[in-house]
Structure formats: structure tokens, C-alpha cells
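**Student:** sequence? don't have it. structure:
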């Protein structure tokens, strides 16, 4: 069922992503074109405080053309280890440092067209320790009972896939 890459042309080389047009050989030996967005990967964190609140962020997402409620997340810097990136992103987006951080797997954002893989983490034992936010990010910190975040998924009010995956994985870990 594998596809073999016969040729590749870079059609866009941006700051964050690159886009390649691939010619592939299909399992039946026919050829097809594929467009692939090359992405450096990312991290996303489910931070739960001592009162069992989850720290979420609300920010405007131009591709969705609306503000979304999300778990803190960010792109990996070149050569950066995911666990270090998770701590950095927590501090930048929430102002908190996780005393305990646990990898909980990962997800492909949209494997039909992008290489983006998001490493998921569960963070606890939070202490205030802010870092400056990225200059082009405008983020509102939202703290809510963890159980409420699960209700928002059920209602369809949380639409971001990494957030749904992260919150549900933590629910499984906590036995909910």
C-alpha cells in the first residue's frame, strides 16, 4: 500500500512551512501528484493546576477566521527537543512552568497534506514563571475546571483537533 516518490519540486519556501509537489507511484504502478506541506513539528500541552483547572488559550486563527479555545502549543525551533519546547511554550503562552511534564503521545495534524506531527504533554505542579510571548501572538489565558473543558468538547465548542486529542488523552489517564 506504500507510495514511492518519483520526483519532488519545491513550490513554496516560507518562514514556517515549505510546500512540495510530489510525483508518486501508486501500488498499482500508476502515478499521481501529491502536494505536501513540510512542517518542523510542534508541541501541545494540557496544563492542569492544583485546583483541577485546565489552562487554555484563546487566540484568533486566520485559517479558521475566528478565535479558538486551545491548549498551549507551539512550533519546534530547529534542533529543539520536544520536551524543552513544551516547557518553553507553557511559559510563553500561560506564564506557568510545569514542575511535572509527561509525554502522552502525539498526533499528525492532517496527514493527507502535511508532515506536521504534534507531541502531546500533560503538565502539573504549575508555578508562575512567565516568558515573553511571541511578538505576533495575541493570547488570552482562560482557566476553567477540567470537567468543563470536556463538556465544551461534547458541545462542539472546542473545535481545535490538538486540543480535543490532548484533553481526551488526559481524561483517559485520569480515568474519566
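**Tutor:** Happy to help now that I have it. All of these numbers come straight from a predicted model, not from anything done at the bench. Numbering: from 1, shown residues only.

**Student:** Show me the shaky parts of the chain.
**Tutor:** 133-134 (pLDDT under 70).

**Student:** Okay, domains of it per the record?
**Tutor:** Split into domains by the TED database, the chain comes to 4-38, 42-174.

**Student:** Would you mark the buried spots in the host helix or strand of residue 167?
**Tutor:** Secondary structure assignment for residue 167, by DSSP states H and E: helix 161-174. For helix 161-174, burial by neighbour count (16 or more other Cβ atoms under 10 Å) applies to 162-167, 169-171. C-betas here are computed from N, CA, C, even on glycine.

**Student:** And that helix, what does it pack against?
**Tutor:** strand 42-47, strand 66-70, strand 96-108, strand 117-128, helix 146-155 (3 or more Cβ pairs under 8 Å, 6 or more residues apart in numbering; DSSP states H and E).

**Student:** what angle do that helix and strand 96-108 make?
**Tutor:** 110 degrees (axes from the mean of the first three to the mean of the last three Cα atoms, to 10 degrees).

**Student:** Give me the distance from helix 161-174 to the chain's centre.
**Tutor:** Put simply, helix 161-174 sits 12 Å off its chain's centre (Cα atoms, centre = their mean, to the nearest Å).

**Student:** now the angle from it to strand 66-70?
**Tutor:** 20 degrees.

**Student:** Give me the contact list for helix 161-174.
**Tutor:** Contacting residues not belonging to helix 161-174 are listed as 42, 44-46, 48, 54, 56, 68-71, 73, 104-105, 107, 109, 118, 120, 122, 146, 149-150, 153, 158 [Cβ atoms under 8 Å, 6 or more residues apart in numbering].

**Student:** From those residues, list the buried ones, please.
**Tutor:** Judged by 16+ other Cβ under 10 Å, buried ones among the contacts of helix 161-174: 42, 44-46, 48, 54, 56, 68-71, 73, 104, 107, 109, 118, 120, 122, 146, 149-150, 158.

**Student:** Which is the succeeding secondary structure element to the helix or strand harbouring residue 23?
**Tutor:** Applying DSSP H and E as the criterion places residue 23 in strand 18-25. Reading on from strand 18-25 to the C-terminus, the next helix or strand found by DSSP H and E is strand 31-38.

**Student:** buried set for that following strand?
**Tutor:** Going by 16+ other Cβ under 10 Å, strand 31-38 has these buried residues: 36-38.

**Student:** How about the contacts made by residue 107?
**Tutor:** 117-118, 120, 161-162, 165.

**Student:** Noted, bye for now.
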